[in-house]
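Q: Mind looking at a prediction? Sequence and model below.
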Amino acid sequence: MNILLISPNTLVVPYPVYPIGLDYVAGSVSSRHEVRIADLNVLSLENLKEMLHDFSPAIIGLSCRNIDNTEAGDSLHFIDQYKTLVSWLRSCSKALIVCGGSGFTIMPEQILSALGADYGIVGEGERFSLLVNAVEKGFDPARIAGVISPTGKQAPEPWYGESVRLFQKDASYNRFYLDRGGMLNLQSKRGCSFNCIYCPYPYIEGRKHRLIEPEKVAQMALELEGAGAKYFFITDSAFNSDIDHSLAVAKAFTVAGVSIPWGGFFAPVRHPASYFSKMADSGLAHVEFGTESLSASMLRTYHKPFAVGDVFTAHQQAIDAGLHAAHYFLMGGPGESAATVTESLDNIENLRKTVLFFFIGIRIYPRTALYSIALDEGKITTDTNLLEPVFYQADNIGREAIEDLVSTRVGNRINCVVGSGGSMGAATVSRMHDRGYTGPLWEYLIR
Ligand code: B12
Ligand code: SF4
């Protein structure tokens with residue numbers, strides 16, 4: 001059978017991201033079938049129409065990575081765009097349309113019905129191969145764990161089978177990312193074992209870590225480098241949620257001779273003192289800390305796996321190792337008040353040599369503790385449509401008041417960014433990428 005996988009994600013904020021999820025979906029499909037990937041960052045609808053005509057796929061897989069941009073003050077929503085695409089695909093193809101992806105997994109029933117697709121796969125996309133086999137043999141795909149159809153749902157289970165990434169060195173869309181910052185991406189494990197109250201990642205990827213062998217991660221890093229990558233981003237929910245594995249991966253990079261810089265998300269937990277210097281030795285350049293608050297009570301409320309002091313220690317260790325360090329803040333959760341925001345802002349004054357990204361307003365996702373809190377507090381009901389982003393409203397302070405406190409304190413400081421920097425920030429990054437700068441580039445804001 002011919003299978004076409006489409007990445008419709010054309011968002012350029014903070015920069016365009018390589019559709020790594022589809023490499024895994026493609027890697028799961030038996031070589032009996034022919035799989036092609038269409039990335040709408042490089043293909044126009046006209047090109048796609050020709051492809052549909054010439055290739056005539058029996059199944060189209062649509063990756064729904066982003067539902068919205070999770071920025072309360074500058075909200076963008078993508079579901080209508082996907083819906084229009086599905087209607088358009090129906091007008092030019094008779095293929096079965098199957099959705100999947102991290103955004104899809106967060107609200108599968110709602111997205112499936114909004115898009116009018118035939119099936120959806122909740123969680124890891126590797127079970128797409130099972131769906132393909134079922135379609136080939138005339139079995140009902142809706143009986144497969146994790147597959148949903150407009151009429152039924154099978155509960156997902158984490159994928160413990162083999163995951164194979166089919167990275168195509170010569171794929172035409174690679175050039176797009178190589179010309180825009182040279183960034184490709186890499187996964188070293190799935191799952192997050194932490195329990196932060198607002199976070200859907202453990203549902204998307206599972207709570208149990210599934211580790212990829214360090215040597216295999218390094219091998220893939222070399223392949224990316226061989227394809228021209230100048231930088232790679234590790235897409236793990238938190239790269240250091242298994243400290244030993246992250247150290248083993250870093251060591252494997254060194255042994256394999258990986259020579260390009262890389263970055264990833266880290267939790268500012270307690271590390272062995274030499275942790276960041278070992279990481280730096282293996283090429284780590286950018287540490288993106290998911291700090292979220294520097295108020296002791298808010299960190300406890302969020303169930304973060306660290307305390308205020310740990311943030312400062314981890315930050316200093318990263319700086320001492322010569323790394324670029326940024327911190328993400330998430331303000332406006334349960335119990336947030338002028339006092340907790342001020343406590344965070346006071347502590348932030350003591351974080352030197354860094355960039356601070358402030359996300360004000362926390363999006364409520366189903367199956368999180370924040371969802372249950374909002375429900376108990378009567379802020380949402382079980383009928384609230386969460387597909388349209390709904391942000392938690394703290395009792396003691398509104399979003400605008402937090403924004404005022406933050407902007408009064410940080411003024412025009414160049415190293416303080418509200419949200420991901422919006423289209424202006426993305427335009428600056430894009431201009432610098434055009435001039436040959438590589439990587440995420442926020443280090444130029446460090447003060
Ligand atoms: C790493 C990451 C980033 C990095 C990416 C860096 C890079 N160079 O790639 C950065 C920090 C830049 C980033 C930015 C943003 N991100 Co982000 N990001 C992630 C994260 C942690 C991992 C994504 C990833 O690559 N995973 C690894 C791959 C292998 O997994 P995958 O894509 O999910 O694919 C698997 C399955 O989903 C499935 N699958 C995927 N496609 C398909 C298709 C089919 C047909 C099928 C069957 C299955 C399937 O199979 C794959 C293998 O199992 C996720 C959270 C998470 N843990 O998933 C958020 C996440 C995807 N991001 C999200 C968002 C919102 C954003 C931003 C909009 C935030 C912002 N305002 O800046 C931007 C958008 C950037 C863009 N241009 O699109 C949201 C999306 C949900 C939503 N609310 O819309 C997520 C889910 C986080 C969240 N809040 O819950 N992100
Ligand atoms: S550590 Fe990060 S990915 Fe893990 S649950 Fe907390 S916020 Fe989510």
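A: Sure, I can see it. Ligands and ions are numbered 1, 2, ... in the order given.
Q: Residue of the stretch 101-250 of the chain nearest ligand 1, please.
A: G125 (2.3 Å; C-beta to the nearest ligand atom). All C-beta atoms are positioned from the backbone trio N, CA, C, and that covers glycine.
Q: What strand or helix carries the closest residue to that residue other than its chain neighbours?
A: Of all residues not flanking G125 in the chain, V25 sits nearest, at 4.0 Å (C-beta to C-beta, 6 or more residues apart in numbering). Assigned by DSSP states H and E, V25 belongs to helix 20-28.
Q: low-scoring stretches of the protein, by residue?
A: 154-158, 160 (pLDDT under 70).
Q: quick one, domains of it?
A: Listed by automatic domain parsing, the domain ranges of the chain are 2-153, 180-445.
Q: Just send those domains back as JSON lines, with mean neighbour count too.
A: What follows is the domains of the chain, written out as JSON lines (neighbours: other C-beta atoms under 10 Å):
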{"stretch": "domain 2-153", "mean neighbour count": "19"}
{"stretch": "domain 180-445", "mean neighbour count": "19"}
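Q: Check whether K208 really touches C192, as I assumed.
A: No - at 9.5 Å, K208 does not count as touching C192 under the criterion of C-beta atoms under 8 Å.
Q: circling back to that earlier point, surely the residue of the stretch 101-250 of the chain closest to ligand 1 is in contact with V98?
A: No - G125 lies out of contact with V98 (C-beta under 8 Å); the separation is 9.5 Å.
Q: joint contacts of these two?
A: Common neighbours of G125 and V98, using C-beta atoms under 8 Å, 6 or more residues apart in numbering, are G61.
Q: Does S241 touch C192 like I think?
A: Yes - using C-beta under 8 Å, S241 makes contact with C192 at a distance of 5.4 Å.
Q: joint contacts of these two?
A: H209.
Q: Show me what F358 bridges to in the sheet.
A: F329, V418 (DSSP bridges).
Q: before we move on, back to that, for the residue nearest to G125, give me its contacts.
A: L5, G61, S63, G100, G125, E126, F128.
Q: want to throw those residues into JSON lines with secondary structure and distance to A250?
A: JSON lines is the format used below for those (DSSP: H, G, I helix; E, B strand; the rest coil; distance: C-beta to C-beta, whole Å):
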{"residue": "L5", "secondary structure": "strand", "distance to A250": "31"}
{"residue": "G61", "secondary structure": "strand", "distance to A250": "33"}
{"residue": "S63", "secondary structure": "strand", "distance to A250": "29"}
{"residue": "G100", "secondary structure": "strand", "distance to A250": "31"}
{"residue": "G125", "secondary structure": "helix", "distance to A250": "27"}
{"residue": "E126", "secondary structure": "helix", "distance to A250": "26"}
{"residue": "F128", "secondary structure": "helix", "distance to A250": "31"}
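Q: quick one: the strands in the stretch 151-300 of the chain?
A: Per DSSP state E, counting those that start in this stretch, the stretch 151-300 of the chain carries strands over the ranges 152-153, 183-186, 189-190, 210-211, 231-234, 262-266, 284-292.
Q: related to what we said a few turns ago, save the contacts of V25 as JSON lines, and put in distance to ligand 2 too.
A: What follows is the contacts of V25, written out as JSON lines (distance: C-beta to the nearest ligand atom, whole Å):
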{"residue": "L5", "distance to ligand 2": "26"}
{"residue": "G61", "distance to ligand 2": "25"}
{"residue": "S63", "distance to ligand 2": "20"}
{"residue": "G100", "distance to ligand 2": "20"}
{"residue": "G125", "distance to ligand 2": "19"}
{"residue": "E126", "distance to ligand 2": "21"}
{"residue": "F128", "distance to ligand 2": "24"}
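Q: looking at it, I362 is touching F391, isn't it?
A: Yes - contact status for I362 versus F391: in contact at 6.2 Å, counting by C-beta under 8 Å.
Q: Now for those two: what residues contact both?
A: By C-beta under 8 Å, 6+ apart, the residues touching both I362 and F391 are G332.
Q: who are the neighbours in contact with the closest residue to ligand 2 within the stretch 1-150 of the chain?
A: Residue nearest to ligand 2 within the stretch 1-150 of the chain (C-beta to the nearest ligand atom): S102, separated by 11.8 Å. Listed by C-beta under 8 Å, 6+ apart, the contact partners of S102 are G21, R65, I204.
Q: could I get the domains of the chain as CSV with distance to F167?
A: Formatted as CSV, the domains of the chain follow (distance: least, C-beta to C-beta, whole Å):
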stretch, distance to F167
domain 2-153, 5
domain 180-445, 6
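Q: follow-up on the earlier one: and the next helix or strand past the helix holding V25?
A: Taking DSSP H and E, what comes next after helix 20-28 is strand 34-39.
Q: That next one packs against which elements?
A: In terms of contacts (3 or more C-beta pairs under 8 Å, 6 or more residues apart in numbering; DSSP states H and E), strand 34-39 is packed against strand 2-7, helix 20-28, helix 45-55.
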